[in-house]
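>>> Sequence and computational prediction follow.
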Protein chains: 2
Amino acid sequence: MAAEDGIVTACLIIIGNEILSGRTEDANLPFLARRLNEVGVRLADARVIPDVEDTIVDTVNECRARYDYVFTTGGIGPTHDDITGASIAKAFGVGWALNDEAHRILTTHYQMTGAKLNEARLKMAYTPLGAELIENPVSKAPGYRLENVYVFAGIPSVMQAMFESIAHTLTGGAPVLSRTVAATLPEGTIAADLGALQERYPGIDIGSYPFYRAGKFGCSLVLRTTDETALDAAAGELAGIIRDLGEQPIFGEEGDTT
Amino acid sequence: MAAEDGIVTACLIIIGNEILSGRTEDANLPFLARRLNEVGVRLADARVIPDVEDTIVDTVNECRARYDYVFTTGGIGPTHDDITGASIAKAFGVGWALNDEAHRILTTHYQMTGAKLNEARLKMAYTPLGAELIENPVSKAPGYRLENVYVFAGIPSVMQAMFESIAHTLTGGAPVLSRTVAATLPEGTIAADLGALQERYPGIDIGSYPFYRAGKFGCSLVLRTTDETALDAAAGELAGIIRDLGEQPIFGEEGDTT
């Protein structure tokens, strides 16, 4: 999908057995999806994969060729099950070595906290050769970037801080704009008119998401596009469709609970 | 990964622009992961993909060849953006046609509710040819199975009911057992001993998940295996490691917030 119609695409690779076992619920995908929208990058794909070297290598190599940006989360801590960094070095065919700058950051950090910079913690100062560090203002051990692959921690507060460290460096297309119009109508009642609206506005991504509230069926209709003029026109037509069906349109914003 | 060491594997394909845009947070992965554990099936992979026919076709075909079971969620409603069913028919190279049994179910349902079974709603009675219906006790419009691919709704209450309708038909391996032992120790302090424990128990998947609570760093150490004897032995050794480091082990179960 990369570069299609000037659209800038991204993929998120969530690395961790704990997500696939159900122990931990991922919170990084929704954050990244929303923040990427704001900088004009479309999250086009997300994968959840286990802490298995071959799987990480293959997935990273497939996705970095296919998308403009790849973000990984998880697996960069000090324990034996943290194998993301070494696997990414292998994916790029480069060495995995102590990074002097990361080493300085961790040395300073552990001197201040009084903990010992032992062999396990020192692993967090290793990066694939050629990687550029990404600041971690929360817990210091840095993330890093290698070409179009950004390696983040899995802990949401740390992942979010790392993303904000690099967000200004991303080159997006036009930001995706959205309008949400809700109606107390079952999807099946409005579906035909909605399909016709989609045909009249092929450049708008129109989604319908049903809800059931206070004993009534309704749907949130979400319009997404980079073209504000078309968006306003389609939202206006949609409001008219809802009124013609005997209900009042409820205007909201993306992210509403409706 | 299918059939490796007698392990039964599954993949979840989450279909929906609304997940990739950040509008809707997926809740089906954690549910499916936990329930599959209980029936001895390992969720080995999950994908989040947009409502794009080619992407659905390619992903379904890749995953149904690679894993024992494939589950899809989302895209089986009445609106124009619900294209999962037709895409899966295309993936299998079969027709997409009105299913008599589904037609009867919807006819009865809409007669009872008084809503009109219009063309949009009738779409929910279409299935790939050869599909076997999956009961939907919540909102009636059925899911279906074609070979090893199970097509579920995206709404969590409906998805869960559909899964429970078919759970007894899944053939799993030995259930994965787990023990969680937490310690008020930073990961970096226990990492070396933990790595050595992992080497002594190569058949156990040992994960470390850090937390920060009441001003102290800690980690939840999760041991997963089908071998209960090894699990008990390793959990006992782990408790000893924690005591040797001057802390008390905290025994818990998978799914604790620790």
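Yep, that arrived. Residues are numbered from 1 along each chain as shown, chains lettered A, B, ... in the order given.

>>> which sections of the stretch 1-150 of chain A are below the confidence cut-off?
A:1-5 (pLDDT under 70).

>>> that's a helix at residue A:122, yeah?
Yes: assignment of residue A:122 by DSSP: H, G, I helix; E, B strand; the rest coil places it within a helix.

>>> Could you list the residues of the stretch 1-150 of chain A in contact with chain B?
Counting by Cβ under 8 Å from any Cβ of the partner chain, the residues of the stretch 1-150 of chain A close to chain B are A:17-26, A:29-34, A:37, A:42-51, A:77-81, A:115, A:118-121. C-betas here are computed from N, CA, C, even on glycine.

>>> Chain neighbours aside, what residue packs nearest to residue A:244?
residue A:193 (7.9 Å; Cβ to Cβ, 6 or more residues apart in numbering or on different chains).

>>> That neighbour reaches residue A:241, doesn't it?
Yes: between residue A:193 and residue A:241 there is a contact at 4.6 Å, judged by Cβ atoms under 8 Å.

>>> between the two, who's got more neighbours?
residue A:241 (21 against 17; other Cβ atoms under 10 Å in any protein chain shown).

>>> May I ask which helix or strand encompasses the more buried one?
Per DSSP states H and E, residue A:241 falls inside helix A:228-244.

>>> and whichever helix or strand comes after that helix, which residues are buried?
Per DSSP H and E, the first helix or strand lying C-terminal to helix A:228-244 is strand A:250-252. Residues residue A:250 are the ones in strand A:250-252 that count as buried (16 or more other Cβ atoms under 10 Å in any protein chain shown).

>>> circling back to that earlier point, any chance you could list what contacts the helix holding residue A:241?
A:177-179, A:181, A:183, A:185, A:190, A:193-194, A:197, A:200-201, A:203-204, A:206, A:221, A:223, A:225, A:248-249, A:251 (Cβ atoms under 8 Å, 6 or more residues apart in numbering or on different chains).

>>> And for stretch A:107-123?
By Cβ under 8 Å, 6+ apart, stretch A:107-123 touches A:78-79, A:82, A:98, A:103, A:106, A:140, B:186-189, B:191-192, B:195.

>>> Filter those residues down to the ones in strands?
Per DSSP state E, strands hold the following members of the contacts of stretch A:107-123: residue A:98.

>>> Residue ranges of each domain in chain A, please.
For chain A, the structural domains run A:4-169, A:177-252, going by automatic domain parsing.

>>> next one: phi and psi at residue A:43?
phi -70, psi 110 (degrees, to the nearest 10).

>>> How about residue A:203?
phi -80, psi 0.

>>> Verify the stated contact: it with residue A:223.
No: assessed by Cβ under 8 Å, residue A:203 is found out of contact with residue A:223, at 10.5 Å.

>>> If you drop the residues flanking it in sequence, what lies closest to residue A:50?
residue A:17 (5.1 Å).

>>> is it true that the one you found touches residue A:81?
Yes: using Cβ under 8 Å, residue A:17 is in contact with residue A:81, at 7.4 Å.

>>> mind listing the helices in chain A by residue range?
A:17-20, A:28-38, A:53-66, A:84-92, A:100-113, A:119-122, A:156-166, A:187-200, A:228-244 (DSSP state H).

>>> and those helices, which is most packed in?
Ranked by mean neighbour count, the helices of chain A are led by helix A:17-20 with a mean of 24 (mean count of other Cβ atoms under 10 Å in any protein chain shown).

>>> which strands and helices sit next to it?
strand A:41-49, helix B:28-38, strand B:41-49, strand B:205-213 (3 or more Cβ pairs under 8 Å, 6 or more residues apart in numbering or on different chains; DSSP states H and E).

>>> Residue A:168 is nearest to which of the ones you listed?
strand A:41-49 (12.7 Å; Cβ to Cβ).

>>> buried residues in the closest one?
Of the residues in strand A:41-49, those buried (16+ other Cβ under 10 Å) are A:41, A:42, A:43, A:44, A:45, A:46, A:47, A:48, A:49.

>>> Pipe those residues into JSON lines and attach distance to residue B:67 per row.
What follows is those, written out as JSON lines (distance: Cβ to Cβ, whole Å):
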{"residue": "A:41", "distance to residue B:67": "30"}
{"residue": "A:42", "distance to residue B:67": "27"}
{"residue": "A:43", "distance to residue B:67": "24"}
{"residue": "A:44", "distance to residue B:67": "22"}
{"residue": "A:45", "distance to residue B:67": "18"}
{"residue": "A:46", "distance to residue B:67": "18"}
{"residue": "A:47", "distance to residue B:67": "14"}
{"residue": "A:48", "distance to residue B:67": "13"}
{"residue": "A:49", "distance to residue B:67": "13"}
